[in-house]
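just need the structure, nothing else, for what follows:
(one chain, ligands or ions: 1)
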Amino acid sequence: MSIREEPQRYCRFKADGKIYNGLVRGKMVDIVDGDIFSGFSGMRMSYPVDHLKFLPPITPTKIWCVGRNYLGHVKELDHDVPKEPLIFMKPVTATVGSGDSVRVPEWAGRVDYEGELAAIIGRPCRKVSEADALSHVLGYSCFNDVTARDLQTDNNWIRAKGFDGFGPLGPLILITEEMPDDARITTRLNGVAVQQDTFSNMIFSVARIISFISAFATLEPGDVIATGTPEGVGPVRGGDRVEVEIDGIGTLTNPFISDSEVTQTERSVLRILD
Ligand code: MG
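This next block holds a predicted model:
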């Protein structure tokens, strides 16, 4: 593959008090005009990657997630293998970028990391076939489906999955319609690999998931679809650092900080603390 044919690597970052769109090129980021959906134009100055604070590469329109999409993970939590994609959503306020801290609310009990591949939708799609689904994908990023495991006993998963900061995304978007099946995802907790798998072990493919969702809801540019986590989920505590690395994309890194403060509002909602 020539250099020209390599997928572009899109990011957003803040420098000198301003927000820029950029294309990562080796150890440099070239600033570009326009946005990721309408196309780029021009290429102005460059910044060294090492000195940048990446923002989430997009502000998601919606955040879709798929539960139980790797056999190993289904088994470790002692669930049945799903017959069709198990879909849920996170609020967009869960989104943070690489390098941002994630608060671990102590009152929520156990909080887990879940390293995942995120597909980013680039063109609207409704009732799309599996064969055509990937043509609506703009690219891929790393995602951490942070989960308050003890709260999954709620009747739905909105609270368990929906805390502010429970959806780290980044550091960039690899612009390509399809990830190689043998691309590897690795999650590290404080530098130690705790999840490792390839996308060939997904129960439902990205194309199948997109086709499934689009049968009932319109997918829009900026929709993020987190495609499920491999075996090896586990708890995080304040002071931990979680990295989600995907071949060809990069590493999403987030420090976790303990949040022992319980507000009066939380106290009244929880009751258990009274
Ligand atoms: Mg998940």
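
may I have the phi/psi pair for Arg267?
phi -60, psi -40 (degrees, to the nearest 10).

mind checking how far it is from Phe166?
Per Cβ to Cβ, to the nearest Å, Arg267 is found 21 Å from Phe166. Any C-beta I mention is one placed from the backbone N, CA and C, and that applies to glycine too.

which residues of the chain score low on pLDDT?
1-5, 270-274 (pLDDT under 70).

pick out whichever of Arg267 and Phe166 has more residues nearby.
Phe166 (26 against 13; other Cβ atoms under 10 Å).

dump the residue contacts of that one.
90, 94, 102, 145-148 (Cβ atoms under 8 Å, 6 or more residues apart in numbering).

can you do 10 Å?
Neighbouring residues of Phe166 by Cβ atoms under 10 Å, 6 or more residues apart in numbering: 63, 90-91, 93-96, 102-105, 111, 114, 144-148, 160.

and Arg103, how many residues sit next to it?
Arg103: 18 neighbours (other Cβ under 10 Å).

meant to ask about Leu174, not that
Neighbourhood size, Leu174 [other Cβ under 10 Å]: 24.

excluding chain neighbours, what is closest to Ile209?
Nearest residue to Ile209 in three dimensions, chain neighbours excluded: Pro85, at 5.2 Å (Cβ to Cβ, 6 or more residues apart in numbering).

the one you found and Ile213 touch, don't they?
Yes: Pro85 is within contact range of Ile213, at 7.7 Å (criterion: Cβ atoms under 10 Å).

identify the contacts common to these two.
With contacts taken as Cβ under 10 Å, 6+ apart, Pro85 and Ile213 have 64, 66, 225 as neighbours in common.

neighbouring strands - and their directions - for the helix or strand hosting the first one?
Assessed by DSSP states H and E, Trp64 sits inside strand 63-67. For strand 63-67, the pairing partners within the sheet under DSSP bridges are strand 86-90 (antiparallel), strand 224-226 (parallel).

check which helix or strand covers Tyr131.
Careful, residue 131 is Ala; it's not Tyr. Element membership for Ala131 (DSSP H and E) is helix 130-133.

ok so, going back, tell me the most buried of the strands paired with strand 63-67?
Among the strands paired with strand 63-67, ranked by average contacts under mean count of other Cβ atoms under 10 Å, first place goes to strand 224-226 (a mean of 27).

check whether that one comes near the ion.
No: with Cβ under 5 Å from the ion as the criterion, the ion is not reached by strand 224-226; the gap is at least 6.2 Å.

in the strand holding Trp64, which residues are buried?
63-67 (16 or more other Cβ atoms under 10 Å).

can you pull the contacts of the residue nearest to Ile209?
Neighbouring residues of Pro85 by Cβ under 10 Å, 6+ apart: 64, 66-69, 203-205, 208-213, 225, 227-228.

how close does it get to Trp157?
Pro85 is 14 Å from Trp157, by Cβ to Cβ.

got it, and Ile173?
Applying Cβ to Cβ, the value for Ile173 to Trp157 is 26 Å.

ok, these two, which is more surrounded?
The neighbour count for Ile173 versus Trp157, taken as other Cβ under 10 Å, is higher for Ile173 (28 against 19).

for the helix or strand encompassing that one, output the C-alpha coordinates as CSV.
Applying DSSP H and E as the criterion places Ile173 in strand 167-174. C-alpha atoms of strand 167-174 as CSV (Å, rounded to 0.1, in the frame of the first residue of the first chain):
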residue,chain,number,x,y,z
GLY,A,167,-18.0,7.2,27.3
PRO,A,168,-14.3,8.0,26.6
LEU,A,169,-13.8,8.3,22.8
GLY,A,170,-10.6,8.8,20.8
PRO,A,171,-7.9,9.8,20.4
LEU,A,172,-8.7,10.0,16.7
ILE,A,173,-10.8,8.6,13.9
LEU,A,174,-9.2,6.3,11.4
